[in-house]
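Chemist: A structural model of the following input is requested.
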Amino acid sequence: MVKDGEGAACGRLRHHELFDELDERIVQAILGRARASRPGAKTLLVRQGDPPKDLILLAAGRAKLSHVTDDGRQTTVRLLGAGDLVGCAAVFRGRPYAASAHTLDACEVYAWPREHLLGLMMSYPRLTMNALAIVSGQLMDGAQPGSMRGNEPARRRLAALILTLTPPADDGGSQESMLRMTRQELGELCGATFFTVSRILSRWARAGIVAPGRGRVHVIDRARLARVATGGASPGRDHAQRCA
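Modeler: Now for the predicted structure:
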């Protein structure tokens, strides 16, 4: 159950699309049935193939969805951020989780046991409609990235991904930011091989755009990285624009 200490977070969550057009009293009742926790980095939230036990709402932090194929290969399906739901389709359809979810850093999560959630949906039909809209949106999003990614060079896809994962500073002044992800994870998310990602990052490093390290990428010049993402020419015709 949600404790008083999580009141501020509840205030943020009440604007989530899961609660669209539900009044304050109902939203508080739904949130009151959730189990709140703050798992650290690399914590397993749900495991692929397990029965759908909980619907999880990520209130803060980042997580990743990964899927193991029939031949044993693990691929990163997508990254999750604040406001994303974990296990939505599995819980509502009564099917095993299709992917595993691990936290990437310290997170704040809210979990509804499946039986509690189904009871709430019986009591509040609008909650059911919102949940169906979310599941439909996730299915549509999942069907698009593969076809869209192949239309652009790997360098543009990688640049766009890094920019998405490293929001600009609030003051708009700093060009620098840090992304803690491996090259394998970046490749899986942008549709490129580990070696292609390594080659691109090395050229960007020589151009002074990023400083890659073990399990991290330090973005030094966000403006130039943005030009790579949009296909524009970089100042001085640097190496970053010529990497494949």
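
Chemist: so which residue is dead centre in the protein?
Modeler: If you average the C-alpha coordinates of the chain and look for the closest C-alpha using CA atoms, centre = their mean, you land on residue 80, 1.9 Å from that point.

Chemist: tell me who's in contact with that one.
Modeler: Neighbour list for residue 80: 58, 62, 63, 64, 65, 86, 101 [criterion: CB atoms under 8 Å, 6 or more residues apart in numbering]. For the C-beta atoms, the positions are set from N, CA and C on the backbone; glycine is no exception.

Chemist: same check on residue 156?
Modeler: Residues 228, 229, 230, 231 are the ones in contact with residue 156 under the rule CB under 8 Å, 6+ apart.

Chemist: pLDDT score assigned to it?
Modeler: The pLDDT attached to residue 156 in the predicted structure is 92.

Chemist: any buried residues in the one helix or strand it maps to, and which?
Modeler: Under the assignment given by DSSP states H and E, the secondary-structure element containing residue 156 is helix 154-165. Within helix 154-165, the residues that qualify as buried by neighbour count (16 or more other CB atoms under 10 Å) are 154, 155, 156, 157, 158, 159, 160, 161, 162, 163, 165.

Chemist: helices of this protein, start to end?
Modeler: Along the chain, counting by DSSP state H, helices occupy 7-13, 24-32, 88-93, 114-123, 125-143, 145-149, 154-165, 183-190, 194-206, 222-230.

Chemist: just send those helices back as JSON lines, with distance to residue 69 too.
Modeler: Shown next, in JSON lines, are those (distance: least, CB to CB, whole Å):
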{"stretch": "helix 7-13", "distance to residue 69": "34"}
{"stretch": "helix 24-32", "distance to residue 69": "36"}
{"stretch": "helix 88-93", "distance to residue 69": "18"}
{"stretch": "helix 114-123", "distance to residue 69": "26"}
{"stretch": "helix 125-143", "distance to residue 69": "15"}
{"stretch": "helix 145-149", "distance to residue 69": "14"}
{"stretch": "helix 154-165", "distance to residue 69": "21"}
{"stretch": "helix 183-190", "distance to residue 69": "12"}
{"stretch": "helix 194-206", "distance to residue 69": "17"}
{"stretch": "helix 222-230", "distance to residue 69": "29"}
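
Chemist: which of those comes out lowest on mean pLDDT?
Modeler: Set side by side, the helices of the chain show their lowest mean pLDDT on helix 145-149, which sits at a mean of 45.

Chemist: domains for this structure, by residue range?
Modeler: For the chain, the domain assignment from automatic domain parsing gives the residue ranges 4-143, 151-242.

Chemist: ok so, going back, just name the closest of the buried residues of helix 154-165 to residue 131, please.
Modeler: Comparing those against residue 131 with CB to CB places residue 165 closest, at 27.1 Å.

Chemist: partners of the closest residue to that closest one other than its chain neighbours in the sheet?
Modeler: Among residues not flanking residue 165 along the chain, residue 179 sits closest, at 5.4 Å (CB to CB, 6 or more residues apart in numbering). Partner residues in beta bridges with residue 179: residue 217, with DSSP bridges as the criterion.

Chemist: quick one, what contacts residue 179?
Modeler: Neighbours of residue 179 in contact, by CB under 8 Å, 6+ apart: 162, 165, 166, 216, 217, 218, 219.
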